[in-house]
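**Student:** Give the three-dimensional model of this entry:
(chains A and B)
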Amino acid sequence: MTVHNLYLFDRNGVCLHYSEWHRKKQAGIPKEEEFKLMYGMLFSIRSFVSKMSPLDIRYKLHYYETPTGIKVVMNTDLGVGPIRDVLHHIYSALYVELVVKNPLCPLGQTVQSELFRSRLDSYIRSLPFFSARAG
Amino acid sequence: MSRPAPRKPEYHKINKDLFVLTYGALVAQLCKDYEKDEDVNAYLDKMGYGIGTRLVEDFLARSCVGRCHSYSEITDIIAQVAFKMYLGITPSVTCNNSSRNEFSLILDKNPLVEFVEELPAGRSSLCYCNLLCGIIRGALEMVHLAADVTFLQDRLKGDSVTEIGITFLKKLDEKKYRRKK
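**Tutor:** Numbering: from 1, shown residues only, chains lettered A, B, ... in the order given. Sure thing, here's the model as predicted:
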């Protein structure tokens, strides 16, 4: 475990401080550009969170992406730990088995399969960290 | 309370002879439908492409290979993991050029041609297993790699080995969001 680098920004997006300790790969752009990119992303995430937050401002967003670009995003409350195996199961046992392997399900469109929807729903409800009551 | 282990999905296996004979029936039917060998080959490639775009998801779900960093790594994975998983064979890999984007898979055994004695008369240009080329091409495209995949040599045509050539072309761009200048 290690620390790669650290950015300190003020409210106006000015980078007050930057240090790096173990950074394997440089971004290939001038530092000014990199600071702007980093601040831009943080600003977007903050504004996104305030718009999209389901119930309260603090929640966890779990992200799983495959080399083919399929992205599974699950938002949970803060008590949930790492759930990579859950996201992988959703991809492999649900999406691949029920959608990809179904010749009647066209790719690249909203999934219409009722079987997929109901299996996914049962799976999520069966998870140990799922509680039917929110909060 | 310990979390119950996620149940591994049962992977449906089919009888190998059934699969090989069904493939043969498919090729035979295409030969009836199309007079020219080029048309049959093109159709097999197109079918394979459709299969490949979906097969790659099943492959990624079952093999959990990580991101690859070179074309030769990708070709090795195709030969040693994917071919093994779906056809039970492991072709050997050679690199054909110094810029390291042209590779060959040498198929020592090919289960798909187990019951084929020889190509039918008048079908000397038929690429019997062209489905495989389409599958590889479709699968690579779904991971943003454009490639030309063709049979370079074919035992059914009298060559000494069966060789599939993969030429990696320019990497396909993922959709990029344009930054406002």
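**Student:** Now A:Leu115. Nearest residue, chain neighbours left out?
**Tutor:** A:Leu98 (5.7 Å; Cβ to Cβ, 6 or more residues apart in numbering or on different chains). No exception for glycine: its C-beta is placed from N, CA and C like everyone else's.
**Student:** any weak-confidence spans in the chain?
**Tutor:** If you meant another chain, say so; for now it's chain A. Within chain A, the ranges that satisfy pLDDT under 70 run A:1-3, A:22, A:54-57, A:132-135.
**Student:** Correction: the question concerned chain B.
**Tutor:** Low-confidence segments of chain B (pLDDT under 70): B:1-11, B:172-181.
**Student:** about what we covered before: before we move on, what SS does the residue nearest to A:Leu115 have?
**Tutor:** Following DSSP: H, G, I helix; E, B strand; the rest coil, A:Leu98 is assigned to helix.
**Student:** how about it, what does it touch?
**Tutor:** By Cβ atoms under 8 Å, 6 or more residues apart in numbering or on different chains, the contact list for A:Leu98 reads A:105, A:113, A:115-116, A:119.
**Student:** how about 7 Å then?
**Tutor:** A:113, A:115-116, A:119 (Cβ atoms under 7 Å, 6 or more residues apart in numbering or on different chains).
**Student:** just A:Asn5 next, same as before
**Tutor:** When contacts are counted by Cβ under 7 Å, 6+ apart, A:Asn5 touches A:19-21, A:23.
**Student:** B:Gln153 too?
**Tutor:** Contacts for B:Gln153 (Cβ under 7 Å, 6+ apart) come out as B:159, B:161-163.
**Student:** ok, it to B:Leu105 distance?
**Tutor:** Computed as Cβ to Cβ, to the nearest Å, the B:Gln153 to B:Leu105 distance reads 11 Å.
**Student:** who touches both of these two?
**Tutor:** Common neighbours of B:Gln153 and B:Leu105 (Cβ under 7 Å, 6+ apart) are B:Glu163.
**Student:** hmm, back to that, let's see which of the contacts of A:Asn5 end up in strands.
**Tutor:** A:19-20 (DSSP state E).
**Student:** Now tabulate the contacts of A:Asn5 in JSON lines and tack on neighbour count and distance to chain B.
**Tutor:** JSON lines is the format used below for these (neighbours: other Cβ atoms under 10 Å in any protein chain shown; distance: Cβ to the nearest Cβ, whole Å):
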{"residue": "A:Ser19", "neighbour count": "10", "distance to chain B": "26"}
{"residue": "A:Glu20", "neighbour count": "11", "distance to chain B": "23"}
{"residue": "A:Trp21", "neighbour count": "9", "distance to chain B": "24"}
{"residue": "A:Arg23", "neighbour count": "11", "distance to chain B": "18"}
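**Student:** Of the contacts of A:Asn5, which pair is most distant in space?
**Tutor:** A:Ser19 and A:Arg23 (10.0 Å; Cβ to Cβ).
**Student:** sorry, back to before: nearest to chain A, of the contacts of B:Gln153?
**Tutor:** Nearest to chain A among the contacts of B:Gln153, counting by Cβ to the nearest Cβ, is B:Glu163 at 26.4 Å.
**Student:** Could you look up the SS state of the closest one?
**Tutor:** Relying on three-state DSSP, one would call B:Glu163 strand.
**Student:** Now for it: which residues touch it?
**Tutor:** B:104-106, B:152-153.
**Student:** Please apply the same query to B:Arg54.
**Tutor:** A:100-101.
**Student:** Tell me which of the contacts of A:Leu98 fall in strands.
**Tutor:** Judged by DSSP E, strands contain none of these.
**Student:** Can you flag the buried ones in the residues you listed?
**Tutor:** A:116, A:119 (16 or more other Cβ atoms under 10 Å in any protein chain shown).
**Student:** Can you name the residues in contact with stretch A:107-124?
**Tutor:** Residues outside stretch A:107-124 that contact it (Cβ under 7 Å, 6+ apart): A:90, A:94, A:98-99, A:102, A:105, A:130, B:53.
**Student:** Of all pairs in those residues, which one is the farthest apart?
**Tutor:** Greatest spacing in the contacts of stretch A:107-124, by Cβ to Cβ: A:Phe130 and B:Thr53 (33.1 Å).
**Student:** More neighbours: those two, which one.
**Tutor:** B:Thr53 (21 against 11; other Cβ atoms under 10 Å in any protein chain shown).
**Student:** and that one, what does it touch?
**Tutor:** A:107, B:138, B:141-142.
**Student:** where's it, which helix or strand?
**Tutor:** Per DSSP states H and E, B:Thr53 falls inside helix B:37-63.
**Student:** Just give me how far that helix sits from the chain centre.
**Tutor:** Averaged C-alpha coordinates place helix B:37-63 at 7 Å from its chain's average position (Cα atoms, centre = their mean, to the nearest Å).
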